[in-house]
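> Return atomic coordinates for the entry below.
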Amino acid sequence: MSETLFKIFGVAVICVFLSMILKKSSPDASTLIKMVAGVILAAACVSFVSPVVSYVRELCGMSGAESSVSSGVGVLLQALAVATLSHVCSSICRDCGETSLAYYAELGGKIEILILSLPLLRQIVDMAVSLCG
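As a prediction, the model looks like this:
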């Protein structure tokens with residue numbers, strides 16, 4: 001495991017302890033610590049995704065993959081980002097006791113993923129039509 005991952009775990013554990021200590025005396029400060037920590041940790045985790053995106057792009061370039069494959073990989077990575085962000089947002093909403101807002105954050109993420117996948121659906125339909133007739 002990388003050193004960065006240990007730092008992320010360390011920050012998470014420290015924030016949990018701070019949140020637990022402040023929970024009884026100042027619930028608002030406890031919630032604020034959790035929210036700030038969640039945003040910082042999510043941003044730190046994004047740094048892990050950058051090499052993966054670069055590697056996938058390199059593989060698509062080396063293989064001479066068609067643009068449809070490259071666009072499919074791009075949509076997949078975008079959908080992963082939307083799913084992750086909507087999950088983080090809904091988790092923050094749930095931590096604040098707003099389960100209905102968490103539901104709508106997840107719903108928005110699902111709709112965005114559906115919108116992102118529409119061009120791929122069109123490509124599949126066009127390919128099926130060209131194969132059938």
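> Now do the helix or strand bottoming out on mean pLDDT in the chain: distance to the chain's middle.
Among the secondary structure pieces of the chain, namely its helices and strands, helix 27-63 has the lowest mean (mean pLDDT, DSSP states H and E), a mean of 79. Once both centres are worked out by Cα atoms, centre = their mean, to the nearest Å, helix 27-63 turns out to sit 8 Å from its chain's centre.
> Pull out the buried residues from that helix.
Within helix 27-63, the residues that qualify as buried are 30, 31, 33, 34, 37, 38, 41, 42, 60, counting by 16 or more other Cβ atoms under 10 Å. (Each C-beta comes from the backbone N, C-alpha and C, glycine too.)
> Can you read off the pLDDT for the spatially most central residue of the chain?
When the chain is reduced to its mean C-alpha position, the nearest residue by Cα atoms, centre = their mean turns out to be residue 84, at 1.9 Å. Looking at residue 84, its pLDDT reads 86.
> State the distance from it to residue 28.
With the distance defined as Cβ to Cβ, to the nearest Å, residue 84 ends up 27 Å from residue 28.
> what phi and what psi does the backbone show at residue 97?
Dihedral angles phi and psi of residue 97 (degrees, to the nearest 10) take the values phi 80, psi 10.
> which ones are touching the nearest residue to residue 99 once chain neighbours are set aside?
Counting by Cβ to Cβ, 6 or more residues apart in numbering, residue 99 lies nearest to residue 93, which is 7.3 Å off, once chain neighbours are set aside. In this structure, residue 93 makes contact with 99, 101, 102, 105, judged by Cβ atoms under 8 Å, 6 or more residues apart in numbering.
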